[in-house]
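Have a look at this prediction, sequence included:
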Amino acid sequence: MPSTSAVPALLPTYAPYPFPLVKGEGDRVFDDRGQAWWDFYGGHCVCATGHSHPKVVKALADQAASLLFYSAAAALPVRDAAAAKITAFSGMDSVFFCNSGAEANENALKVALLLTGRKRLGAFDGGWHGRTTLALSVTDDPKITQPFADSLTPCLRLPFGDLAALAAADFSDVAGIILEPIQSMAGIKTATREWFQALRAKCDATGTLLIFDEIQTGMGRMGTPFAAQFYGVRPDLLTSAKGLASGVPMGALLMTANVASKLKGGDLGSTFGGGPLACAALLATVDVIESEGLMGRASEAAAWLRKELKGTVVEGVQGEGLLLGLHTPHAAALKKHLMAQHILLGGSGDPQVLRLMPPLNVSDAALTALVAAIHAFAKP
């Protein structure tokens with residue numbers, strides 16, 4: 001019997017664009033009418049190597065034709081190769097593969113609680129780490145955390161980038177402290193290298209594990225493999241997802257040898273984590289980033305945008321590499337104007353900041369189109 005329910009088959013989550021997308025190619029996506037859109041949103045910072053990069057597509061097709069899936073019950077050469085590749089790329093020592101950024105953060109926080117025996121976590125004002133239970137405990141977004149307040153783990157919360165507050169804080173009962181090296185959802189907020197180094201020193205002194213949530217800052221986006229290299233600070237645990245496999249769902253919890261050596265078999269696990277398709281996509285993604293010089297491209301494109309946007313409605317360009325925030329009091333009107341010019345970008349928790357998170361191989365044509373459209377914007 002047909003359903004008489006009035007609810008849609010697909011549960012609504014985010015408000016979608018007012019058109020469906022049917023194709024992606026490089027730094028452009030195409031709607032169902034065949035119209036092209038410059039993509040400075042990247043599916044929310046996911047499409048690191050562009051849409052349907054030929055090397056990634058071929059790697060997926062070849063892997064699907066040979067072995068579509070097997071769990072960790074069997075050793076897989078492609079999984080071993082992916083682990084070796086991402087640990088070398090990140091500068092970490094060992095990796096646990098999972099399926100998403102939230103899952104990577106959940107496991108990082110779980111490891112911190114497990115290894116220290118402490119019952120409290122640490123995080124920062126404006127941080128956004130996911131919707132699973134431990135991730136919600138450290139996320140600063142009351143509209144999604146408040147309904148579950150009674151189920152969340154106690155969390156010490158500090159102002160992001162504040163040296164004095166950091167020095168005064170008591171970490172003695174904090175198992176692990178997690179942060180986005182650049183706070184994306186909060187409006188592309190940054191901190192100084194000095195602050196990151198002070199945080200590392202404080203964690204060393206108190207036995208608190210330092211967790212970098214590099215779901216958005218990683219995979220070459222800041223002009224370095226991860227923000228850890230950019231700021232010169234090595235965390236105990238580092239999480240990655242989004243651009244990790246060019247859009248194939250994948251998460252990774254990377255860790256130092258000191259952390260990995262304290263975990264035993266069965267402490268972590270996932271049926272689909274490290275599946276053959278995702279691992280093949282990861283290998284192709286890192287290959288593209290390295291062989292096509294995309295980290296250099298990210299830095300070069302960011303420098304060009306900062307220069308070309310001077311004197312426009314954009315009063316400041318925040319962030320690093322190709323994780324940028326355009327600060328303007330006319331953000332809503334500018335976003336509407338850019339949509340009319342077939343340019344996609346993101347908003348943020350700061351109503352005056354628009355976010356740019358394009359593919360790392362964003363073309364000169366796309367950058368020129370964005371700058372021209374911003375120059376042409378008439379203030380309301």
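Now that the structure is in, tell me what you want to look at.

use CA for all of it now, contacts and neighbours both
OK.

Now do residue 81: how many residues are near it, please.
Using other C-alpha atoms under 10 Å, residue 81 is surrounded by 14 other residues.

mind listing what it touches?
Applying C-alpha atoms under 8 Å, 6 or more residues apart in numbering to residue 81 gives the contacts residue 283.

That one: helix or strand, and which one exactly?
Element membership of residue 81 [criterion: DSSP states H and E] is helix 77-90.

what pLDDT, on average, does that helix get?
Per-residue pLDDT over helix 77-90 has a mean of 98.

what's the answer for stretch 327-337, then?
The model assigns stretch 327-337 a mean pLDDT of 98.

List the buried residues of it.
327-328, 330-331, 334-335, 337 (16 or more other C-alpha atoms under 10 Å).

Likewise for stretch 60-69?
60, 63.

again with stretch 298-313
298-299, 301-302, 305, 308-309, 312-313.

can you pull the pLDDT of the residue nearest the centre of the chain?
Compute the mean C-alpha point of the chain, and by C-alpha atoms, centre = their mean the closest residue is residue 216, 1.9 Å away. For residue 216, the model assigns a pLDDT of 98.

and the nearest residue to it once chain neighbours are set aside, how many neighbours does it have?
If the residues on either side of it in the chain are set aside, residue 216 comes closest to residue 45, at 6.2 Å by C-alpha to C-alpha, 6 or more residues apart in numbering. Counted with other C-alpha under 10 Å, the neighbours of residue 45 add up to 27.

what's residue 45 in contact with, if anything?
216, 242-243, 357-359.

what about 10 Å?
184, 215-217, 221, 241-243, 246-247, 322-323, 346, 355-360 (C-alpha atoms under 10 Å, 6 or more residues apart in numbering).

Could I get the full set of strands for the stretch 251-380 of the chain?
251-255, 316-320, 323-327, 343-344, 353-356 (DSSP state E, counting those that start in this stretch).

Please list the outside residues in contact with the last one.
Pointing back at strand 353-356 there. Residues contacting strand 353-356 (C-alpha under 10 Å, 6+ apart): 39-42, 44-45, 184-188, 314, 316-319, 322-332, 334-335, 344-348.

related to what we said a few turns ago, okay, the strands of the stretch 251-380 of the chain in TSV with distance to residue 290 next?
Shown next, in TSV, are the strands of the stretch 251-380 of the chain (distance: least, C-alpha to C-alpha, whole Å):
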stretch	distance to residue 290
strand 251-255	19
strand 316-320	19
strand 323-327	19
strand 343-344	26
strand 353-356	22
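
Thought residue 103 was touching residue 272, still the case?
No. Between residue 272 and residue 103 there is no contact under C-alpha atoms under 10 Å: 11.8 Å.

Quickly list what's touching both of these two.
97, 250.

In the stretch 1-150 of the chain, where is pLDDT below threshold?
1-4 (pLDDT under 70).

sorry, back to before: flag every buried residue along the helix holding residue 81.
78-79, 82-83, 85-87, 89-90.

Output the residues you listed as a markdown table; include the columns distance to residue 49.
Converted to a markdown table, the buried residues of helix 77-90 look like this (distance: C-alpha to C-alpha, whole Å):
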| residue | distance to residue 49 |
| --- | --- |
| 78 | 20 |
| 79 | 20 |
| 82 | 17 |
| 83 | 19 |
| 85 | 17 |
| 86 | 16 |
| 87 | 19 |
| 89 | 16 |
| 90 | 17 |
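
Which of those residues sits closest to residue 154?
Among those, residue 90 lies closest to residue 154 (C-alpha to C-alpha), at 30.2 Å.

how about the helices of the stretch 51-200 of the chain, start to end?
With DSSP state H, counting those that start in this stretch as the criterion, the stretch 51-200 of the chain has helices at 54-66, 77-90, 101-116, 133-138, 142-145, 163-168, 193-206.
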